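S.K.: Next come a sequence and a model predicted from it.
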Amino acid sequence: MLQVPFDTMALVESQLLAPGTALIPFKLKDISGKPVSSVDFNSNLLLVVFTCNHCPYAIASWPILVELQNKYASKGYQTVAINPNNNPNYPDDSFEKMKPFAEKNGISFPYLFDETQDVARAYGATCTPDPYLFKEGKLFYHGRITDNWQKPELVKERSLELHILAGLGEGRASEKAIPSMGCSIKWVS
């Protein structure tokens, strides 16, 4: 279980992207340095989530992201995590720290590094975590992961999972998206 350092990180909400927006292409290196492209994925549902190693909001979301990947991969769901925090003032998010972090936390899906931060800018990502769920290449959901990031035992709504189920044709989810929240992306310039 990850230890979440609940400190005074600045809270930022995501800026919602319009449903139906086409998947924004990317080609980034994974934790082994291998290039991974958005065209490499042919899943019915693709979650592109901007996240990192150090933010308490992101740390709290990692176990959920791992659980969702394990639970729904066989049904056509795929997670791709992207770390946009290439900022020397935040060494815990450096490329070199990503592989050990992924191994320690059982992250089996692609974890990519947005070295130039261009992909995060193209998506309009603002915080970590900032999840974008695409169905057949079109934005299906952009919003919070759950209704209580800090106390998982008190979660009443698993918003992202409800949308995954809806995207798989196994349920319904609210059409109103509540923004994700987390630490601001650590922009370089």
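M.R.: Happy to help now that I have it.
S.K.: Residue 29: which element?
M.R.: Under the criterion of DSSP states H and E, residue 29 resides in strand 27-30.
S.K.: And that strand, how far out from the chain middle?
M.R.: The chain centroid and the centroid of strand 27-30 are separated by 15 Å under C-alpha atoms, centre = their mean, to the nearest Å.
S.K.: Contacts for it, please.
M.R.: Outside of strand 27-30, the residues within contact range by C-beta atoms under 8 Å, 6 or more residues apart in numbering are 35-38, 82, 95, 110-115, 119. C-beta: built from backbone N, CA, C; applies to glycine.
S.K.: so which pair among these is furthest apart in space?
M.R.: 38 and 95 (19.5 Å; C-beta to C-beta).
S.K.: okay, these two: which has more neighbours?
M.R.: Between residue 38 and residue 95, counted using other C-beta atoms under 10 Å, the more crowded position is residue 38 (17 against 13).
S.K.: Now the residue nearest the centre of the chain: closest residue in space that isn't a chain neighbour?
M.R.: Nearest to the geometric centre of the chain sits residue 49, at 2.0 Å (C-alpha atoms, centre = their mean). Counting by C-beta to C-beta, 6 or more residues apart in numbering, the nearest residue to residue 49 once its immediate chain neighbours are dropped is residue 131, at 4.2 Å.
S.K.: circling back: pick the one among the contacts of strand 27-30 closest to residue 71.
M.R.: After measuring those against residue 71 - C-beta to C-beta - the closest member comes out as residue 110, at 17.4 Å.
S.K.: where does residue 102 land in three-state SS?
M.R.: The three-state assignment at residue 102 reads helix, by DSSP: H, G, I helix; E, B strand; the rest coil.
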